[in-house]
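> could you look at this predicted model? Sequence included:
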Amino acid sequence: MPEISHPPQAPEPLLSAQDLRKAYGERQAVDSVSLQLRAGELLALLGPNGAGKSTTLSMLCGLLKPDAGQLAMAGGGVSAQRIGLVPQEIALFEELSAARNVALFGALYGLTRAQLHERVPRVLAQVGLAERAQDRAATFSGGMKRRLNIACALVHAPELLLLDEPTAGVDPHSRNAIFDTLEALKRDGMALIYTTHYMEEAERLADRIVIVDHGRVVADGTLAGLLQHLPAAQRLRLDVAGAPDLDALRGLPGVRSVALARPGRLELGVDELAGAAQRVLQALAAQGVRVEQIDSGRATLEDVFLHLTGRALRD
Ligand SMILES: Nc1ncnc2c1ncn2[C@@H]1O[C@H](COP(=O)(O)OP(=O)(O)OP(=O)(O)O)[C@@H](O)[C@H]1O
Ligand SMILES: [Mg+2]
């Protein structure tokens, strides 16, 4: 497993999870997940549908008891007071105002009236909903409901915030507002774990990326660290009609890796774009394979995922 070690001066992790496991009946949803997170760090938990991301978050915040493994937080025990969870499914009281929704969550965490008075407007401002505080949740767009759900998870001032696909089905405006919120929280020293299907989001936001597949961690590192594990720094992506001879392509000079991400979608890692592209196109033409689209660029997290799992994260 690729792993990036932290510099020795790094502070003690706020959260450490070691070898967490959870089965639902016969199905091993989480097989072995270990991760560490420091204050002020955002960790992206990436993985395909059913990889065990939500199950992992549920164990981290105490909603679900692990079958095995250890969980620890620095400076005291793991407690609901120290963690906020933004669940994958939006959970709000549609008929209540935004402010009442947040206050309700705060009351569940035992905040006093005076604390609510201070915290509710503050967290609504943090998610960019100060102006809509008195409007009913039912009148909000999907993206605004997401942001309100984040405010609910922040009201008790947790040290660690867990967000389960907070941008799924969210419009671009709310998506940017969510990014701004997360970046501000990070600057304030909060630790965040963020699950997503969107590689570009992980690339943009994450200090560290943990890739899970079938309930196991397959990679853990910074973006730069993960990219270093790729056989080549450049990638070539082709949509083709016909069945290319992958082994023939693997034998071409400058071609370091060849994968069929899905039928008709070729992904190649190459050393130097121009020369390799020319040789690949010639080889495909000789094989009678028609190229319908070609796209190239520096390797991305998408390529790391494909390299490690042999599959595309989406599609
Ligand atoms: N309550 C449950 N009962 C039975 N099986 C479950 C339950 N919750 C999850 N699973 C199974 O556990 C596995 C992991 O699910 P989980 O929801 O943790 O994945 P995920 O990575 O969050 O997926 P997604 O990207 O679709 O949200 C899946 O095979 C799922 O079917
Ligand atoms: Mg999930």
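Alright, I've got the coordinates. Ligands and ions are numbered 1, 2, ... in the order given.
> number of residues surrounding residue 183?
14 (other CB atoms under 10 Å). Backbone N, C-alpha and C define where each C-beta goes, glycine included.
> and for residue 18?
There are 14 residues near residue 18, going by other CB under 10 Å.
> now it. Nearest residue, chain neighbours left out?
Leaving aside its sequence neighbours, residue 18 sits nearest to residue 70 (CB to CB, 6 or more residues apart in numbering; 4.4 Å).
> and the next element down the chain from the helix or strand harbouring the one you found?
According to DSSP states H and E, residue 70 maps onto strand 68-73. Remark: after strand 68-73, the chain's next helix or strand is strand 83-86, criterion DSSP H and E.
> adjacent strands (with direction) for the strand holding residue 70?
Paired strands of strand 68-73, with direction, are strand 15-24 (antiparallel) (DSSP bridges).
> what's in contact with the strand it pairs with?
Strand 15-24 has contacts (CB atoms under 8 Å, 6 or more residues apart in numbering) with 28-37, 52, 55-56, 59-60, 64, 66-74, 78, 160, 191.
> return the members of those classed as buried.
By neighbour count, with 16 or more other CB atoms under 10 Å, the contacts of strand 15-24 hold 28-37, 52, 55-56, 59-60, 64, 66, 69, 71, 73, 78, 160, 191 as buried.
> contacting residues for the residue nearest to residue 18?
16, 17, 18, 19.
> residue numbers of the chain in contact with ligand 2?
53, 54, 88 (CB under 5 Å from the ion).
> just those residues: which are in helices?
53, 54 (DSSP state H).
> would TSV of the residues of the chain next to ligand 2 with distance to ligand 1 and pLDDT be doable?
Listed next are those as TSV, based on distance: CB to the nearest ligand atom, whole Å; pLDDT from 0 to 100:
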residue	distance to ligand 1	pLDDT
53	3	96
54	3	96
88	6	91
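> quick check, nearest of the residues of the chain next to ligand 2 to ligand 2?
Of all the residues of the chain next to ligand 2, ligand 2 sits closest to residue 54, with 3.1 Å by CB to the ion.
> same for ligand 1: which of the buried ones among the contacts of strand 15-24 are within range?
29, 52, 55 (CB under 6 Å from any ligand atom).
> which helix or which strand is home to the nearest residue to residue 143 once chain neighbours are set aside?
In space, residue 143 comes closest to residue 174 once its chain neighbours are excluded; the distance is 2.4 Å by CB to CB, 6+ apart. Element membership for residue 174 (DSSP H and E) is helix 172-187.
> give me the contact list for that helix.
Contacts of helix 172-187 (CB under 8 Å, 6+ apart): 40-42, 126-128, 141-144, 146-147, 150, 154, 161, 163, 166-167, 170, 192, 194, 201, 204-205.
> just the buried residues of those.
Of those, these count as buried by 16+ other CB under 10 Å: 40-42, 126-128, 143-144, 146-147, 150, 154, 161, 163, 166-167, 170, 192, 194, 201, 205.
> out of those, which are inside helices?
Secondary structure from DSSP H places 126, 143, 144, 146, 147, 150, 154, 201, 205 of these in helices.
> pick out whichever of the residues you listed sits closest to ligand 1.
Comparing these against ligand 1 with CB to the nearest ligand atom places residue 201 closest, at 13.8 Å.
> who in this structure is up against ligand 1?
Within the chain, the positions adjacent to ligand 1 are 24, 27, 29, 47, 49, 50, 51, 52, 53, 54, 55, 88 by CB under 6 Å from any ligand atom.
> from these, pick the one nearest ligand 2.
Using CB to the ion, these come closest to ligand 2 at residue 54, 3.1 Å.
> which residues of the stretch 1-150 of the chain score low on pLDDT?
Where the stretch 1-150 of the chain drops to pLDDT under 70, the residues are 1-10.
> same thing but at 80, please
Applying pLDDT under 80 to the stretch 1-150 of the chain picks out residues 1-11.
> also the stretch 201-315 of the chain?
The low-confidence ranges in the stretch 201-315 of the chain, as defined by pLDDT under 80, are 231, 310-315.
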